[in-house]
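A.B. asks: Prediction below, plus the sequence it came from.
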Amino acid sequence: MFKKILIANRGEIACRVIKTARKMGIATVAVYSEADRDALHVDMADEAVCIGPAASKESYLVMDKIIAACKQTGAEAVHPGYGFLSENAEFSRRLEEEGIKFIGPKHYSVAKMGDKIESKKLAIVAKVNTIPGHNEAIAGPDEAVEIAKKIGYPVMIKASAGGGGKGLRVAYNDAEAHEGFSSCVNEARNSFGDDRVFIEKYVLEPRHIEIQVLGDSHGNYVYLNERDCSIQRRHQKVIEEAPSPFVDPEMRKAMGEQAVALARAVNYESAGTVEFVVSGATKEFYFLEMNTRLQVEHPVTELITGLDLVEQMIRVAAGEKLPLTQADVKINGWSMECRINAEDPFRGFLPSTGRLVKFLPPAESTDAEGTTRVDTGVYDGGEISMFYDSMIAKLIVHAKDRNAAIARMRDALNAFVIHGISSNIPFQAALMQHPRFQSGIFDTSFIAKEYPKGFDTSMVPHDDPALLVSVVAYVYRAFTDRSASITGQLQGHERIVGDQWMVVRLRGGGQKENHPVTARRIPGGYYVEYNGKSYEILSGWKLGESLFSGTCNGESFTLQVARFKTRYSLYHWGSRADFMVMSARAAEMLALMPDKPAPDLSKFLLSPMPGLLREIAVEVGREVKAGEKLAVIEAMKMENILKAEQDCKVKKISVAVGESLSVDQVIIEFE
């Protein structure tokens with residue numbers, strides 16, 4: 001077994017590998033860019049080596065620097081994680097030439113299966129079901145349009161070296177094929193250093209089902225059941241679960257055997273994932289691609305099988321045999337994973353970067369009801385950078401069945417506190433309670449169909465507003481009780497503000513709702529009277545805490561509360577409610593105050609996110625039609641195309657290509 005390994009990655013996956021290596025008694029080496037100097041994986045590792053500037057192409061993607069770090073520290077093996085160089089055959093080959101073990105498949109397997117064009121040809125030879133399409137690299141956007149028309153829309157335009165949703169677009173017409181090809185080429189070149197693109201038929205009502213495989217150097221192979229990754233947004237996975245509510249035992253066996261046949265065909269050694277697209281109507285499945293690395297969503301497989309996949313990768317790389325046969329693989333319960341990303345679901349899921357003012361994930365636990373697990377590479381006070389992907393953490397649960405897993409995930413999301421940047425937690429919470437998700441009947445278009453105009457809290461109205469009003473009354477009363485108990489001051493809450501007041505709920509568009517309440521202290525909490533009913537709120541909550549856990553008339557709940565001077569915000573089940581508390585007279589006066597109109601910004605193109613300005617597609621004086629491309633911003637390794645919302649004429653371009661943009665910075669001014 002290795003004595004020391006180097007992790008050629010960052011963030012959550014680097015921390016994940018370090019945990020397993022530590023458990024196995026293996027020393028670890030972290031590599032880091034200048035932007036990651038204070039990152040969690042650097043602190044966790046036994047040693048750390050700086051390998052260059054923030055940009056990935058100058059640090060994490062530079063093979064020479066990683067190999068030099070191995071030699072400098074005496075690392076015997078390299079775990080590549082996912083992304084970066086994890087599916088780069090040249091990297092695997094060079095490590096082998098240097099006498100350094102690659103904790104992953106051999107370079108020839110990576111070359112054959114990491115290339116989506118070649119892997120599809122191999123799949124056909126191995127008698128694996130494949131999607132109709134054009135399996136050669138395409139020269140340009142015009143050729144892409146012609147090929148797409150021959151295949152028949154809709155089509156998928158895919159980067160041969162792609163992964164993680166990068167370098168992938170769905171096109172329904174010629175214009176989308178032309179534009180999608182260019183974006184795929186750019187993303188693939190920037191993310192993988194390989195700009196080859198191909199096209200295949202887009203399967204309607206598709207479900208994304210993937211099979212986890214393991215192989216060793218002794219010819220042993222197993223498949224570890226399936227994961228359902230159909231809940232996606234812009235081809236990036238949002239929720240993953242194992243097993244799939246769609247797959248029956250016969251389909252599982254057929255898909256698993258084809259996945260193993262493909263792995264065997266390339267002498268695959270390590271953990272790998274064979275991805276299939278499955279027709280929701282016919283249950284026919286087609287080979288999509290093979291990821292020759294560890295998947296982001298590997299924890300759901302670990303929790304239903306009891307295997308540590310990182311440990312198995314390390315043991316296989318060290319020459320050991322797999323510890324199990326296919327007959328040993330079972331399915332224990334149900335597991336789900338939510339990707340917690342730095343993005344604002346209320347602003348079209350735009351990237352959100354900055355300081356994690358507060359980062360308080362739910363406590364990891366295993367009890368009689370199941371498991372809650374958090375895999376992350378950040379910490380309270382850390383920074384979310386524009387240079388890397390948007391993942392903050394992975395929240396994983398395990399329970400006896402799917403309904404119990406959903407319930408456990410909802411509780412865990414309620415208890416996940418992130419302040420300072422926006423996250424997709426409200427959206428994840430909304431998905432967990434969506435009837436179609438709960439039914440298990442959905443496909444990869446679920447989010448696009450259910451949220452065609454984006455997401456806002458009006459889509460998840462709270463089903464118990466009395467609970468929210470009662471908690472606000474509790475919190476306000478607790479703060480005012482403390483204010484009234486300063487030594488030498490008037491004693492008693494009632495002598496200062498009384499025990500009756502108005503809780504005002506603030507809604508969008510300047511709308512307000514008045515809720516008269518009465519609250520009095522009782523042992524362990526407060527007794528609230530509201531709308532003719534009584535609510536006994538008992539809690540051990542302390543002033544200033546973000547998490548509020550307790551019982552309301554005997555029913556347990558957990559929500560988040562934030563206080564901003566006279567305002568209170570509550571977060572629960574994906575919804576946010578804002579309140580003010582005041583006297584009845586003050587509430588009447590507030591209702592009479594006019595709301596200040598928002599400024600007219602229609603004459604400006606503003607940057608919707610922090611990022612790098614990659615392209616300005618217009619010039620001063622040009623007449624622009626609605627829907628026409630204006631600019632391209634790169635943020636968190638993804639290209640974002642900004643288009644005109646109406647017909648206009650360019651008056652001024654305020655920034656230059658290559659500049660870093662801040663949120664709401666003016667890019668273009670119109671006449």
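C.D. replies: Great, that's in hand.
A.B. asks: which secondary element of the protein has the worst mean pLDDT?
C.D. replies: helix 584-592 (a mean of 70; mean pLDDT, DSSP states H and E).
A.B. asks: Next, the buried residues of the next helix or strand after it.
C.D. replies: Heading C-terminal from helix 584-592, the first helix or strand you meet, by DSSP states H and E, is strand 604-606. Buried residues in strand 604-606, counting neighbours by 16 or more other CB atoms under 10 Å, are found at 604-605. C-beta: built from backbone N, CA, C; applies to glycine.
A.B. asks: Residues contacting strand 604-606, please?
C.D. replies: Contacts to strand 604-606, defined as CB atoms under 8 Å, 6 or more residues apart in numbering, come from residues 630-631, 642, 644, 664-670.
A.B. asks: Return the closest of these with respect to residue 271.
C.D. replies: Among the contacts of strand 604-606, residue 642 lies closest to residue 271 (CB to CB), at 39.2 Å.
A.B. asks: Distance of residue 47 relative to residue 11?
C.D. replies: 18 Å (CB to CB, to the nearest Å).
A.B. asks: And the two? Which one has more around it.
C.D. replies: Counted by other CB atoms under 10 Å, residue 47 and residue 11 do not tie: residue 11 has more neighbours, with 23 against 17.
A.B. asks: I'd say the more buried one and residue 388 touch.
C.D. replies: Yes - counting by CB atoms under 8 Å, residue 11 touches residue 388, with 6.8 Å between them.
A.B. asks: Can you spell out which residues form a bridge with the spatially most central residue of the chain?
C.D. replies: Central residue of the chain (CA atoms, centre = their mean): residue 339, 3.4 Å from the mean position. Beta bridges link residue 339 to residue 394, judged by DSSP bridges.
A.B. asks: Now for it: which residues touch it?
C.D. replies: Each residue near residue 339 by CB under 8 Å, 6+ apart is listed here: 237-240, 296, 391, 394, 424.
A.B. asks: do residue 352 as well
C.D. replies: 342-344, 384, 390, 421-423, 609.
A.B. asks: Do you have the helices of the stretch 301-450 of the chain handy? List them.
C.D. replies: 309-317, 402-414, 425-432, 435-439, 446-450 (DSSP state H, counting those that start in this stretch).
A.B. asks: Which one, of these, ends up nearest to residue 597?
C.D. replies: helix 425-432 (26.9 Å).
A.B. asks: Please save the CA atoms from that closest one in CSV.
C.D. replies: Output of helix 425-432 as CSV, limited to C-alpha atoms (Å, rounded to 0.1, in the frame of the first residue of the first chain):
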residue,chain,number,x,y,z
ILE,A,425,-30.9,25.7,-1.1
PRO,A,426,-34.3,27.3,-1.5
PHE,A,427,-34.7,25.7,-4.9
GLN,A,428,-33.5,22.3,-3.7
ALA,A,429,-36.1,22.5,-0.9
ALA,A,430,-38.8,23.4,-3.4
LEU,A,431,-37.9,20.4,-5.5
MET,A,432,-38.1,18.1,-2.6
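A.B. asks: Any idea what the closest residue to residue 326 other than its chain neighbours is bridged to?
C.D. replies: In this structure, residue 326 finds its nearest non-sequential neighbour in residue 222, 5.1 Å apart by CB to CB, 6 or more residues apart in numbering. Bridge pairing for residue 222 (DSSP bridges) gives the partners residue 214.
A.B. asks: returning to what we had before: nearest to residue 212, of the contacts of residue 352?
C.D. replies: Looking across the contacts of residue 352 and measuring by CB to CB, the closest to residue 212 is residue 390, at 24.3 Å.
A.B. asks: residue contacts, the closest one?
C.D. replies: Per CB under 8 Å, 6+ apart, neighbours of residue 390: 341-343, 351-352, 384, 636.
A.B. asks: I'd like these as a markdown table, with pLDDT and distance to residue 218 appended.
C.D. replies: Output for those, formatted as a markdown table (pLDDT from 0 to 100; distance: CB to CB, whole Å):
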| residue | pLDDT | distance to residue 218 |
| --- | --- | --- |
| 341 | 96 | 39 |
| 342 | 94 | 42 |
| 343 | 92 | 44 |
| 351 | 85 | 45 |
| 352 | 89 | 47 |
| 384 | 91 | 43 |
| 636 | 73 | 41 |
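A.B. asks: you'd agree residue 283 is up against residue 251?
C.D. replies: Yes - Residue 283 lies in contact with residue 251 (CB under 8 Å); the separation is 6.4 Å.
A.B. asks: More neighbours: which of these two?
C.D. replies: For residue 283 versus residue 251, neighbours defined as other CB under 10 Å are more numerous around residue 251 (18 against 13).
A.B. asks: how close does that one get to residue 225?
C.D. replies: Distance of residue 251 to residue 225, computed by CB to CB: 11 Å.
A.B. asks: For residue 152, what are phi and psi?
C.D. replies: Backbone torsions for residue 152, taken as degrees, to the nearest 10, come to phi 100, psi 130.
A.B. asks: That one - how many residues pack around it?
C.D. replies: Count around residue 152 with other CB under 10 Å applied: 10.
A.B. asks: Tell me what the nearest residue to it once chain neighbours are set aside is bridged to.
C.D. replies: The shortest distance from residue 152 to any non-neighbouring residue, by CB to CB, 6+ apart, is to residue 201 (7.0 Å). On the basis of DSSP bridges, residue 201 is bridged to residue 155.
A.B. asks: just checking, residue 201 touches residue 151?
C.D. replies: Yes - at 5.5 Å, residue 201 counts as touching residue 151 under the criterion of CB under 8 Å.
A.B. asks: who touches both of these two?
C.D. replies: 132-133.
A.B. asks: circling back to that earlier point, quick one: which of the contacts of strand 604-606 is most hemmed in?
C.D. replies: Ranking the contacts of strand 604-606 using other CB under 10 Å puts residue 668 first, with 24 neighbours.
A.B. asks: Look at residue 144 and say how many residues are nearby.
C.D. replies: Residues lying near residue 144 (other CB under 10 Å) number 27.
A.B. asks: In contact with it, which residues?
C.D. replies: Counting by CB under 8 Å, 6+ apart, residue 144 touches 138, 157, 177-178, 180-181, 197, 199.
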